[in-house]
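>>> mind looking at a prediction? Sequence and model below.
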There are 2 protein chains.
Amino acid sequence: MRAALALRRAPVTVTLIDKRNHHLFQPLLYQVATAGLSPANIAYPIRSIVRRNRNTHVLLDDVTAVDLVGRTVTTSQGPIPYDFLILAAGADNSYFGHDQWSKFALGLKSLENALDIRRRILLAFELAEREENEAARGVLLTFVVIGGGPTGVELAGAIAEIARQVMVTDFRSIDPRESRIVLVEAGPRILPTFDEKLAAKAAAALNRRGVEIFTSKPVKDIEHELVQLQDSAIAARTIIWAAGVAPSKLARSLDAELDRAGRVKVGSDLTIPGHREAFVIGDLASCVDVEGRTMPGLAPVALQQGTAVAGNIRRAIEGRPYRQFRYVDKGMLATVGRAYAIAQFDGIKLSGFIAWIVWTFVHIAYLIGFRNRLIVMIEWAWAYFTSQRAARIVTGDIESRPPSI
Amino acid sequence: MRAALALRRAPVTVTLIDKRNHHLFQPLLYQVATAGLSPANIAYPIRSIVRRNRNTHVLLDDVTAVDLVGRTVTTSQGPIPYDFLILAAGADNSYFGHDQWSKFALGLKSLENALDIRRRILLAFELAEREENEAARGVLLTFVVIGGGPTGVELAGAIAEIARQVMVTDFRSIDPRESRIVLVEAGPRILPTFDEKLAAKAAAALNRRGVEIFTSKPVKDIEHELVQLQDSAIAARTIIWAAGVAPSKLARSLDAELDRAGRVKVGSDLTIPGHREAFVIGDLASCVDVEGRTMPGLAPVALQQGTAVAGNIRRAIEGRPYRQFRYVDKGMLATVGRAYAIAQFDGIKLSGFIAWIVWTFVHIAYLIGFRNRLIVMIEWAWAYFTSQRAARIVTGDIESRPPSI
């Protein structure tokens, strides 16, 4: 999308193909999953974003394969030829070869995922309220988040907030504060990509909010309402998977070299070696920039790559050589819950309320559309002062949601 | 809910059973169906509404039967005994004995219904954009709304607005203004419960917005993408059913007299004859008030009945006789689209922009929660000045939504 926007005045015709009609602001998806925001607050119609680009066609379709030699992409409506290709299909949930776990541990990559998680969290309290058996109630009120990266930390913090603040006075038979929220991480510490001291502060903040953190606990198996660790097991109705993603399956349809994680290896001009007209960017690309840094799977990387590719396409048309990609590091942020975040950029390290204010403004700034920004600001201010959540609704027929769901 | 709130300080224990976790503000449901508002804007958690009523338990459950003699209601968790019963289960879509039509013509009673309709409307334009056959494109861009009551009028007006204003610059292959929006009514005029002149003004306003109105055209049959009338047929991918509702099936589980429409006949004290402890209110009740007026299926009737029943229960506890129900007529409102509505109360009749302002403030006033009111006001102001819609998102896997959906 960033590349399409940047090509607005270039002498090209852009076809933007996506299997969704909306652009999703992924960093706030966990807020939809935890009833803080509505889907429409973080999703924006792709057509509206590029409406002023008269050279851009938007197609709602699923690309199933790419033929690099024949220069066509395959869609449900047939093949579409191209002169230049920009592949930015991103990543999906990955259960590291244990796809059967996906039935028991919900991932968080799409709006549908987020609504499933929201439904499961809210229903857990509802079912506990009417459950008379104490052990069964304990299972209903246990929430396990697997994966101690930013998404896992944000989810665990938000669930703790729901249990300890949002729901407190709403039930008569249960006390939501008795909920158990467990964050499970295979490695020795949470937030491994962050500075160690900052990550330790985040862990302490999570503990204060009532989240139990299990580190160095790789998951051995996941069954229905059960997480098996090396030497113990946790029974929980709600199990959320935030431990890993894998590149889109589209990577494997290419006749191109992939790295160990399955991402497409590109040169520092972002093209596939041997295919100067085929660019791969974002989470789908395995890229080392011109300074020799391996690119992490972060939104700022993808955005900058989009702009860089548009520049290279303009240069190709003008007969000039490609420019190598140079990443401008914007730092990293993670939030632990209400009024607590950590931030690091350029040697500056922040934690607590100030970092949370930074987090808040950065995320509002990156939302698309002034109305979305205004409404998210109101929702957050409201949540901050009242401890209420905006989107505490369960949809779906009651028939389809008894115990097994 | 209104009755439960009114019983806050009464010496009773209230169990509020609903198969949803949220209270839905039905009059604005059509705005969710037409991408103007998000579900959370018009749905509020029932638990939060009654959180201050310490005597009220909320149960998320489905009531499948009521035993008036044994004084129990049957839920999925077993029977619940009662001393007093308030039945307010409302109405569902009714296809007048043609249940097979429900597959082809979407009703609008729940949030799920509204999201299905939203998805279908938005996808129609997307599929038309990639359709090369002109006839097929025509079917994709035809929208039929069956039923000329307030819901049908509001839906048809909002769809016309989407086609003619919201989407105008977003497509490259189609011109959304070529869409055909047809409102089909079996009777001789739309809005039959309104004053005839006002209804005629609403019809003219709909015509100006590009809605074709077919009156005296009863529907003979509905098939896949086809509406059969007496002497013609309309091919349309999107068919919406706003022609009728029927009382909840719960009415038939009662050993009580029903009226022709299937509603439970109650006395003017709102009890089932022979069962002084069993009240029926809202759309489920067939009620003639103390002044001899037959109660219409409107929200103000249900709200006033809720308060009246709470009063009668207090009186029963105090050993005093029941009071008869007297309806205070609040008038009627219907909106045709952006900046046009009709209103009638007590001999006052309004149409156009002023009626729309009245409509706007009345609907905002009845929303629950200050935050919802504020956000809906912002969404409407935004929509008014920019002709954009807040919730233009399609969710659901692409696999499940090709041509047949």
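Noted; the coordinates are in hand.
>>> residue boundaries of the strands in the stretch 201-350 of chain A?
Here the stretch 201-350 of chain A has its strands, by DSSP state E, counting those that start in this stretch, at A:211-214, A:219-223, A:226-229, A:233-235, A:238-241, A:245-247, A:264-265, A:271-272, A:275-280, A:285-286, A:332-337, A:340-345, A:348-352.
>>> just name whatever secondary elements the fifth one is in contact with.
By that I understand strand A:238-241. On a contact count with 3 or more C-beta pairs under 8 Å, 6 or more residues apart in numbering or on different chains; DSSP states H and E, strand A:238-241 meets helix A:111-129, strand A:142-146. Yep, even glycine has a C-beta here, placed from its N, CA and C like the rest.
>>> dump the strands of the stretch 201-350 of chain A to JSON lines, plus distance to residue B:200 and mean pLDDT.
JSON lines is the format used below for those (distance: least, C-beta to C-beta, whole Å; pLDDT from 0 to 100):
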{"stretch": "strand A:211-214", "distance to residue B:200": "63", "mean pLDDT": "97"}
{"stretch": "strand A:219-223", "distance to residue B:200": "64", "mean pLDDT": "96"}
{"stretch": "strand A:226-229", "distance to residue B:200": "65", "mean pLDDT": "97"}
{"stretch": "strand A:233-235", "distance to residue B:200": "65", "mean pLDDT": "97"}
{"stretch": "strand A:238-241", "distance to residue B:200": "56", "mean pLDDT": "97"}
{"stretch": "strand A:245-247", "distance to residue B:200": "59", "mean pLDDT": "90"}
{"stretch": "strand A:264-265", "distance to residue B:200": "64", "mean pLDDT": "97"}
{"stretch": "strand A:271-272", "distance to residue B:200": "65", "mean pLDDT": "97"}
{"stretch": "strand A:275-280", "distance to residue B:200": "60", "mean pLDDT": "97"}
{"stretch": "strand A:285-286", "distance to residue B:200": "62", "mean pLDDT": "96"}
{"stretch": "strand A:332-337", "distance to residue B:200": "57", "mean pLDDT": "92"}
{"stretch": "strand A:340-345", "distance to residue B:200": "59", "mean pLDDT": "94"}
{"stretch": "strand A:348-352", "distance to residue B:200": "64", "mean pLDDT": "95"}
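>>> of these, which is nearest residue B:253?
Residue B:253 lies closest to strand A:238-241 among the strands of the stretch 201-350 of chain A, at 34.2 Å (C-beta to C-beta).
>>> the stretch 151-300 of chain A: helices as residue ranges?
Secondary structure of the stretch 151-300 of chain A (DSSP state H, counting those that start in this stretch): helices at A:196-208, A:250-253, A:299-317.
>>> mind putting the helices and strands packed on strand A:238-241 into TSV with mean pLDDT?
Formatted as TSV, the helices and strands packed on strand A:238-241 follow (pLDDT from 0 to 100):
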stretch	mean pLDDT
helix A:111-129	94
strand A:142-146	98
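>>> so what's the residue count around the nearest residue to residue A:306 once chain neighbours are set aside?
Ranked by C-beta to C-beta, 6 or more residues apart in numbering or on different chains and with sequence neighbours excluded, the top spatial neighbour of residue A:306 is residue A:2, at 3.1 Å. Close neighbours of residue A:2, defined as other C-beta atoms under 10 Å in any protein chain shown, add up to 20.
>>> got the contact list for residue A:2?
Contact analysis of residue A:2 by C-beta atoms under 8 Å, 6 or more residues apart in numbering or on different chains lists A:302, A:303, A:306, A:307, A:310.
>>> and the residue nearest to residue A:384 when sequence neighbours are not counted, how far is that from residue A:190?
Residue nearest to residue A:384 in three dimensions, not counting chain neighbours: residue A:338, with 6.6 Å by C-beta to C-beta, 6+ apart. Distance of residue A:338 to residue A:190, given as C-beta to C-beta, to the nearest Å: 18 Å.
>>> gap between the residue of chain A positioned farthest from its centre and residue A:94?
Distance from the C-alpha centroid of chain A peaks at residue A:319, with 38.1 Å (C-alpha atoms, centre = their mean). Separation of residue A:319 from residue A:94 (C-beta to C-beta) stands at 42 Å.
>>> just say helix, strand or coil for residue A:15.
Assigned with DSSP: H, G, I helix; E, B strand; the rest coil, residue A:15 falls in the strand class.
>>> isn't it right up against residue A:57?
Yes: between residue A:15 and residue A:57 a contact is recorded at 4.9 Å, counting by C-beta atoms under 8 Å.
>>> comparing those two, which residue is more hemmed in?
residue A:57 (19 against 16).
>>> just say helix, strand or coil for the more buried one.
Applying three-state DSSP: residue A:57 is strand.
>>> enumerate every residue touching it.
With C-beta under 8 Å, 6+ apart, residue A:57 has these contacts: A:13, A:14, A:15, A:16, B:172, B:173.
>>> one more time with 6 Å, if that's ok
Residue A:57 makes contacts with A:15, B:172, as judged by C-beta atoms under 6 Å, 6 or more residues apart in numbering or on different chains.
>>> distance of it from residue A:4?
For residue A:57, the distance to residue A:4 - C-beta to C-beta - is 10 Å.
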